[in-house]
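1. Below are the sequence and a predicted model for it; my questions follow.
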Amino acid sequence: MGAYSLVWYHKNFILTGAILTVEITVLAVILGLFLGLIFGMARISQNFAVRIVADIYVQVLRGTPMLLQIYFVFFGIPQIYYGLTGNSLLFEPIVAGVLALGINSGAYVAEIVRSGIQSIDKGQMEAARSLGLTHWQSMKLVILPQAFRRIIPPLVNEFIVLLKDSSLVSVLGAGELMHSAKVMGTKYYNWVEFLVGAAVIYLCLTFLISRFADAVERRLAVSD
(Lines give C-alpha, C1' and ligand atoms only; values in the text may rest on other atoms or scores of the structure.)
Protein backbone atom coordinates (compact mmCIF):
# COMPACT_ATOMS: atom_id res chain seq x y z
CA MET A 1 0.00 0.00 0.00
CA GLY A 2 1.08 3.58 -0.64
CA ALA A 3 2.10 6.14 1.94
CA TYR A 4 -0.51 6.51 4.66
CA SER A 5 -2.96 4.33 2.72
CA LEU A 6 -3.14 1.98 5.72
CA VAL A 7 -4.59 4.79 7.84
CA TRP A 8 -7.22 5.47 5.20
CA TYR A 9 -7.99 1.76 4.84
CA HIS A 10 -8.63 1.52 8.61
CA LYS A 11 -10.20 4.97 8.89
CA ASN A 12 -13.39 3.67 10.51
CA PHE A 13 -11.42 1.94 13.26
CA ILE A 14 -9.30 5.05 13.85
CA LEU A 15 -12.31 7.40 13.78
CA THR A 16 -14.16 5.19 16.26
CA GLY A 17 -11.21 5.64 18.59
CA ALA A 18 -11.29 9.40 17.97
CA ILE A 19 -14.99 9.55 18.85
CA LEU A 20 -14.33 7.65 22.07
CA THR A 21 -11.52 10.10 22.86
CA VAL A 22 -13.95 12.99 22.52
CA GLU A 23 -16.53 11.23 24.69
CA ILE A 24 -13.96 10.51 27.41
CA THR A 25 -12.77 14.11 27.30
CA VAL A 26 -16.26 15.62 27.45
CA LEU A 27 -17.28 13.45 30.41
CA ALA A 28 -14.01 14.22 32.20
CA VAL A 29 -14.50 17.94 31.54
CA ILE A 30 -17.99 17.85 33.04
CA LEU A 31 -16.67 16.07 36.14
CA GLY A 32 -13.70 18.42 36.31
CA LEU A 33 -15.88 21.53 36.07
CA PHE A 34 -18.18 20.22 38.80
CA LEU A 35 -15.31 19.40 41.16
CA GLY A 36 -13.39 22.52 40.18
CA LEU A 37 -16.30 24.81 40.99
CA ILE A 38 -16.79 23.17 44.40
CA PHE A 39 -13.13 23.10 45.40
CA GLY A 40 -12.39 26.46 43.80
CA MET A 41 -14.96 28.12 46.03
CA ALA A 42 -13.79 26.00 48.96
CA ARG A 43 -10.27 27.37 48.46
CA ILE A 44 -11.51 30.84 49.41
CA SER A 45 -14.00 29.71 52.04
CA GLN A 46 -14.00 31.42 55.41
CA ASN A 47 -14.10 27.98 57.02
CA PHE A 48 -10.51 26.91 57.83
CA ALA A 49 -11.24 23.16 57.68
CA VAL A 50 -12.89 23.49 54.27
CA ARG A 51 -9.93 25.46 52.94
CA ILE A 52 -7.48 22.83 54.22
CA VAL A 53 -9.38 19.96 52.57
CA ALA A 54 -9.57 21.86 49.29
CA ASP A 55 -5.88 22.74 49.47
CA ILE A 56 -4.89 19.11 50.08
CA TYR A 57 -7.01 18.00 47.11
CA VAL A 58 -5.45 20.58 44.79
CA GLN A 59 -1.86 20.01 45.94
CA VAL A 60 -2.04 16.20 45.77
CA LEU A 61 -3.68 16.06 42.36
CA ARG A 62 -1.46 18.71 40.83
CA GLY A 63 1.68 17.31 42.45
CA THR A 64 1.43 13.72 41.23
CA PRO A 65 1.63 12.31 37.67
CA MET A 66 -1.56 11.79 35.72
CA LEU A 67 -0.48 8.25 34.82
CA LEU A 68 -0.07 7.38 38.50
CA GLN A 69 -3.58 8.68 39.18
CA ILE A 70 -5.02 6.60 36.35
CA TYR A 71 -3.36 3.46 37.72
CA PHE A 72 -4.49 4.31 41.26
CA VAL A 73 -8.13 4.61 40.19
CA PHE A 74 -8.01 1.43 38.11
CA PHE A 75 -5.91 -0.76 40.44
CA GLY A 76 -5.65 1.02 43.79
CA ILE A 77 -9.25 1.93 44.57
CA PRO A 78 -10.57 -1.62 43.90
CA GLN A 79 -7.85 -3.02 46.18
CA ILE A 80 -8.70 -0.55 48.96
CA TYR A 81 -12.41 -1.31 48.53
CA TYR A 82 -11.75 -5.04 48.77
CA GLY A 83 -9.63 -4.54 51.88
CA LEU A 84 -12.40 -2.55 53.57
CA THR A 85 -15.46 -4.54 52.52
CA GLY A 86 -14.23 -7.93 51.29
CA ASN A 87 -16.16 -7.34 48.07
CA SER A 88 -14.66 -6.97 44.62
CA LEU A 89 -14.88 -3.76 42.62
CA LEU A 90 -13.88 -3.60 38.98
CA PHE A 91 -13.75 -0.48 36.81
CA GLU A 92 -14.12 -0.56 33.07
CA PRO A 93 -11.05 1.10 31.50
CA ILE A 94 -13.16 3.93 30.11
CA VAL A 95 -14.87 4.57 33.46
CA ALA A 96 -11.53 4.56 35.28
CA GLY A 97 -10.10 6.91 32.67
CA VAL A 98 -12.98 9.37 32.96
CA LEU A 99 -12.79 9.34 36.76
CA ALA A 100 -9.01 9.84 36.85
CA LEU A 101 -9.01 12.57 34.20
CA GLY A 102 -12.00 14.34 35.75
CA ILE A 103 -10.63 14.26 39.29
CA ASN A 104 -7.26 15.52 38.06
CA SER A 105 -8.85 18.26 35.98
CA GLY A 106 -10.93 19.34 38.96
CA ALA A 107 -7.75 20.37 40.80
CA TYR A 108 -6.64 22.61 37.94
CA VAL A 109 -10.11 24.01 37.36
CA ALA A 110 -10.33 24.76 41.09
CA GLU A 111 -7.31 27.05 40.79
CA ILE A 112 -8.77 28.67 37.67
CA VAL A 113 -12.07 29.30 39.45
CA ARG A 114 -10.32 30.60 42.57
CA SER A 115 -8.20 33.05 40.59
CA GLY A 116 -11.21 34.13 38.56
CA ILE A 117 -13.28 34.86 41.65
CA GLN A 118 -10.44 36.70 43.36
CA SER A 119 -9.91 38.85 40.25
CA ILE A 120 -13.33 40.44 40.78
CA ASP A 121 -13.22 43.65 42.77
CA LYS A 122 -14.23 43.10 46.40
CA GLY A 123 -16.62 46.02 46.10
CA GLN A 124 -18.87 43.82 43.93
CA MET A 125 -19.48 41.44 46.83
CA GLU A 126 -19.94 44.30 49.29
CA ALA A 127 -22.47 45.98 46.98
CA ALA A 128 -24.40 42.74 46.52
CA ARG A 129 -24.51 42.09 50.26
CA SER A 130 -25.65 45.66 50.90
CA LEU A 131 -28.65 44.96 48.65
CA GLY A 132 -29.71 42.15 51.00
CA LEU A 133 -28.32 39.19 49.07
CA THR A 134 -26.81 36.29 50.98
CA HIS A 135 -23.19 35.30 50.38
CA TRP A 136 -24.26 32.41 48.13
CA GLN A 137 -26.74 34.58 46.20
CA SER A 138 -24.04 37.20 45.71
CA MET A 139 -21.64 34.57 44.39
CA LYS A 140 -24.25 33.01 42.11
CA LEU A 141 -25.79 36.20 40.71
CA VAL A 142 -22.95 38.71 40.80
CA ILE A 143 -19.45 37.26 41.23
CA LEU A 144 -19.51 33.99 39.27
CA PRO A 145 -21.04 35.44 36.06
CA GLN A 146 -18.28 38.06 35.94
CA ALA A 147 -15.57 35.55 36.84
CA PHE A 148 -16.78 33.12 34.18
CA ARG A 149 -16.02 35.60 31.40
CA ARG A 150 -12.45 35.91 32.64
CA ILE A 151 -11.75 32.21 33.07
CA ILE A 152 -12.91 31.06 29.63
CA PRO A 153 -9.39 31.13 28.08
CA PRO A 154 -7.72 29.06 30.84
CA LEU A 155 -10.71 26.69 30.89
CA VAL A 156 -10.37 26.11 27.17
CA ASN A 157 -6.66 25.48 27.64
CA GLU A 158 -7.50 22.93 30.34
CA PHE A 159 -9.99 21.29 27.93
CA ILE A 160 -7.26 20.97 25.31
CA VAL A 161 -4.77 19.58 27.83
CA LEU A 162 -7.37 17.05 28.96
CA LEU A 163 -8.02 16.00 25.37
CA LYS A 164 -4.33 15.25 24.90
CA ASP A 165 -3.99 13.61 28.32
CA SER A 166 -6.81 11.24 27.40
CA SER A 167 -4.19 9.37 25.38
CA LEU A 168 -2.82 8.07 28.70
CA VAL A 169 -5.99 6.03 29.17
CA SER A 170 -4.66 3.78 26.40
CA VAL A 171 -2.46 2.07 29.01
CA LEU A 172 -5.64 0.51 30.44
CA GLY A 173 -6.69 -0.86 27.06
CA ALA A 174 -9.49 1.63 26.45
CA GLY A 175 -10.21 1.79 22.74
CA GLU A 176 -9.63 5.53 22.30
CA LEU A 177 -7.57 7.17 19.55
CA MET A 178 -4.09 6.46 20.90
CA HIS A 179 -4.95 2.85 21.67
CA SER A 180 -6.36 2.43 18.16
CA ALA A 181 -3.15 3.80 16.66
CA LYS A 182 -1.07 1.45 18.85
CA VAL A 183 -3.15 -1.57 17.85
CA MET A 184 -2.79 -0.84 14.14
CA GLY A 185 0.87 0.07 14.47
CA THR A 186 1.57 -3.24 16.21
CA LYS A 187 -0.51 -5.22 13.72
CA TYR A 188 1.34 -3.89 10.67
CA TYR A 189 4.61 -3.02 12.40
CA ASN A 190 4.17 0.37 10.81
CA TRP A 191 4.05 2.94 13.60
CA VAL A 192 4.76 6.08 11.59
CA GLU A 193 1.59 6.07 9.51
CA PHE A 194 -0.77 5.49 12.41
CA LEU A 195 1.01 7.81 14.84
CA VAL A 196 0.99 10.61 12.26
CA GLY A 197 -2.67 9.88 11.54
CA ALA A 198 -3.50 10.10 15.24
CA ALA A 199 -1.49 13.33 15.53
CA VAL A 200 -3.45 14.89 12.68
CA ILE A 201 -6.74 14.04 14.37
CA TYR A 202 -5.55 15.45 17.72
CA LEU A 203 -4.45 18.64 15.94
CA CYS A 204 -7.81 18.98 14.19
CA LEU A 205 -9.71 18.49 17.45
CA THR A 206 -7.62 21.03 19.37
CA PHE A 207 -7.91 23.50 16.49
CA LEU A 208 -11.70 23.20 16.48
CA ILE A 209 -11.88 23.67 20.25
CA SER A 210 -9.68 26.78 20.02
CA ARG A 211 -11.78 28.31 17.24
CA PHE A 212 -14.98 27.60 19.15
CA ALA A 213 -13.51 29.26 22.24
CA ASP A 214 -12.53 32.31 20.21
CA ALA A 215 -16.08 32.57 18.90
CA VAL A 216 -17.50 32.37 22.44
CA GLU A 217 -15.09 35.04 23.67
CA ARG A 218 -16.06 37.37 20.83
CA ARG A 219 -19.73 36.75 21.54
CA LEU A 220 -19.28 37.60 25.21
CA ALA A 221 -17.25 40.68 24.34
CA VAL A 222 -20.04 41.94 22.08
CA SER A 223 -22.65 41.28 24.76
CA ASP A 224 -20.67 43.50 27.14
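-> Right, received. Where do you want to start? Residues are numbered from 1 along each chain as shown.
2. pLDDT below threshold where in the chain?
-> 1-4, 220-224 (pLDDT under 70).
3. all helices of it, in order?
-> Chain-ordered helices for the chain, with DSSP state H as the definition, fall at 5-9, 11-42, 48-63, 66-71, 77-85, 93-118, 122-130, 135-138, 144-165, 177-188, 191-223.
4. out of these, deepest packed?
-> Comparing these by mean neighbour count (mean count of other C-beta atoms under 10 Å), helix 93-118 ranks first with a mean of 22. Quick note: C-beta positions are derived from backbone N, CA and C, even for glycine.
5. returning to that earlier point: and of the helices of the chain, who's closest to Val171?
-> Distances from Val171 to each of those were compared by C-beta to C-beta, and the smallest falls on helix 66-71, at 6.9 Å.
6. Which other helices and strands does that closest one contact?
-> Applying 3 or more C-beta pairs under 8 Å, 6 or more residues apart in numbering; DSSP states H and E, one finds that helix 66-71 contacts helix 93-118.
7. Now do the helix it packs on: which elements does it pack against?
-> Here helix 93-118 is seen to pack against helix 11-42, helix 48-63, helix 66-71, helix 144-165 when contacts are counted using 3+ C-beta pairs under 8 Å, 6+ apart.
8. In CSV: those, plus distance to Ser138.
-> As requested, the helices and strands packed on helix 93-118 are arranged in CSV below (distance: least, C-beta to C-beta, whole Å):
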stretch, distance to Ser138
helix 11-42, 12
helix 48-63, 18
helix 66-71, 35
helix 144-165, 9
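9. still on that earlier bit, Serialize the helices of the chain to JSON lines and add fields for distance to Val171.
-> Conversion of those to JSON lines gives the following (distance: least, C-beta to C-beta, whole Å):
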{"stretch": "helix 5-9", "distance to Val171": "22"}
{"stretch": "helix 11-42", "distance to Val171": "13"}
{"stretch": "helix 48-63", "distance to Val171": "19"}
{"stretch": "helix 66-71", "distance to Val171": "7"}
{"stretch": "helix 77-85", "distance to Val171": "16"}
{"stretch": "helix 93-118", "distance to Val171": "9"}
{"stretch": "helix 122-130", "distance to Val171": "45"}
{"stretch": "helix 135-138", "distance to Val171": "41"}
{"stretch": "helix 144-165", "distance to Val171": "12"}
{"stretch": "helix 177-188", "distance to Val171": "9"}
{"stretch": "helix 191-223", "distance to Val171": "15"}
